[in-house]
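generate a structure from the sequence data that follows.
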Amino acid sequence: MISFQLNGENQQVDVDTAKPILWVLREDLKKIGTKFGCGAGICGACTIHLDGTAIRSCVTPIQAAEGKQITTIEGLKDDLASKIKDGWNTIQVGQCGYCQTGQVMTFHSILKRTPDISADEACRQMNNICRCGTYSRMKKAIASIIEQTNDE
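Okay, the predicted model is just below:
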């Protein structure tokens, strides 16, 4: 039995401890906002927060979550998350939208870790892949969001 918090709620799952967090979320807990992309931890579509740090859930076993806090896109509800989601929508970053939850989760983690980061550095740290190639819109959204948060 693995015990953890998911989006602020206590959870217990009785699964193989090596099962990737992604599949526990999607199959066992029916949280489908976290997407399967490559299955190798490269693309970032499956990005979640584990104790506040962005991780690739497709390659992280559920045993790594024992006693920790998992946050998925469904549970990302603070003011910063709202600003990021609004910025993504305003600039219309998503084309197909498949990778966007992972993009938002990664950028949120970057801004939480380094609130005074420059847009250029934030873009360098974004390591998620977008199949539609919306990187120029993503860069505009990142710059706009950082400018907005710095103005406050």
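
how about the spatially most central residue of the chain: what's its closest non-neighbour residue?
Among the residues of the chain, the one closest to the centroid is residue 105, at 2.3 Å (CA atoms, centre = their mean). With CB to CB, 6 or more residues apart in numbering as the measure, residue 47 is the residue that lies nearest to residue 105, at 4.2 Å, once sequence neighbours are left out. (Glycine included, C-beta is placed from N, CA and C.)

bridged to that neighbour, which residues?
residue 56 (DSSP bridges).

mind giving me the domain ranges of the chain?
Residue ranges for the structural domains of the chain, counted by automatic domain parsing, are given in the record as 2-75, 79-151.

those domains: lowest mean pLDDT?
Least confidently modelled of the domains of the chain is domain 79-151, at a mean of 92 by mean pLDDT.

give me the distance between the two termini of that one.
Between the opening and closing residues of domain 79-151 there is a gap of 15 Å (CA to CA, to the nearest Å).

over to stretch 113-122?
Stretch 113-122 stretches 11 Å from its first residue to its last (CA to CA).

buried residues in that stretch?
Taking 16 or more other CB atoms under 10 Å as the basis for neighbour counts, the residues of stretch 113-122 that come out buried are 117, 119, 122.

ok, stretch 143-152 next?
Taking 16+ other CB under 10 Å as the criterion, stretch 143-152 shows 143, 144, 145, 146, 149 as buried.

which secondary structure elements does the longest helix along the chain contact?
Of all the segments of type helix in the chain, defined by DSSP state H, the longest one is helix 135-151. Here helix 135-151 touches helix 79-91, helix 100-113, helix 119-125, going by 3 or more CB pairs under 8 Å, 6 or more residues apart in numbering; DSSP states H and E.

so what's the residue nearest to residue 105 up against?
By CB atoms under 8 Å, 6 or more residues apart in numbering, the contact set of residue 47 is 34, 54, 55, 56, 57, 101, 102, 103, 105, 106, 128.
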